[in-house]
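Peer 1: my questions concern the predicted model and sequence given below.
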Amino acid sequence: MNQKILTAANAVTAVRLVLIIFFVWLLLAGEVTAATIMFILAWLLDAADGWLGRRLNQTTDFGYYFDKAVDRLLMGGAVFFLLAENLVSPLALLLLTKDIALLPVITIHAWAREKIRSAGWPGKLVTVLQGAGVIWLMVGLGQQEIMVVLVAVVGGIVGAWHLRRVVYGSQ
């Protein structure tokens, strides 16, 4: 694997990190609409960084971990800052069910000094649902509890399925 750090994909991930900073700053300033736009941009760019890395053959270990860290900062940060500003119900924590469910997987891989295997399309589905859930809450759409529970259930299933794959070595 290429070990170059300055790649197009890593530049996109860095832009996502800057957008997260602006998201938090705008949210704390009470600019919820602008913060929502920053979140949406950072969320949509998540697909671009991985695609660019693969397309340009610029995947790196650094990029892999950088992307994972920014992904967690985006989703976890969004939920926690929305909670801190009392903009959402504590039920919003359930949007992070997949991430919490994957903690044993992360621990197993870290212990073995291995990269985390992709959860494949189910993991991507949950990522889309998580982002949609955060936007749903920020915009104040109805049926928020149903959206949050849907994301939690799908996230829990994907987390359990992924843990099973890691523990039992199944595909």
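Peer 2: Now that the structure is in, tell me what you want to look at.
Peer 1: tell me which other helices or strands the helix or strand of the chain with the lowest mean pLDDT touches.
Peer 2: Ranked by mean pLDDT, DSSP states H and E, the weakest helix or strand in the chain is helix 103-111, scoring a mean of 78. Helix 103-111 sits against helix 144-168, with contacts defined as 3 or more CB pairs under 8 Å, 6 or more residues apart in numbering; DSSP states H and E. For every residue, glycine as well, the C-beta is placed using N, CA and C.
Peer 1: what angle do the helix it packs on and helix 103-111 make?
Peer 2: Between helix 144-168 and helix 103-111, the angle comes out at 40 degrees (axes from the mean of the first three to the mean of the last three CA atoms, to 10 degrees).
Peer 1: got the contact list for the least confident helix or strand of the chain?
Peer 2: Here helix 103-111 makes contact (CB atoms under 8 Å, 6 or more residues apart in numbering) with 115, 116, 117, 159, 162, 163, 166, 167.
Peer 1: distance from stretch 55-63 to the middle of the chain?
Peer 2: In this view, stretch 55-63 has its centroid 19 Å away from the chain centroid, taken as CA atoms, centre = their mean, to the nearest Å.
Peer 1: from the centroid of this protein, which residue is nearest?
Peer 2: Centroid-nearest residue in the chain: residue 71, 3.7 Å away (criterion: CA atoms, centre = their mean).
Peer 1: neighbours of residue 58, how many?
Peer 2: Residues lying near residue 58 (other CB atoms under 10 Å) number 17.
Peer 1: how about the nearest residue to it, chain neighbours excluded?
Peer 2: Closest residue in space to residue 58, ignoring its immediate chain neighbours: residue 7 at 3.9 Å, by CB to CB, 6 or more residues apart in numbering.
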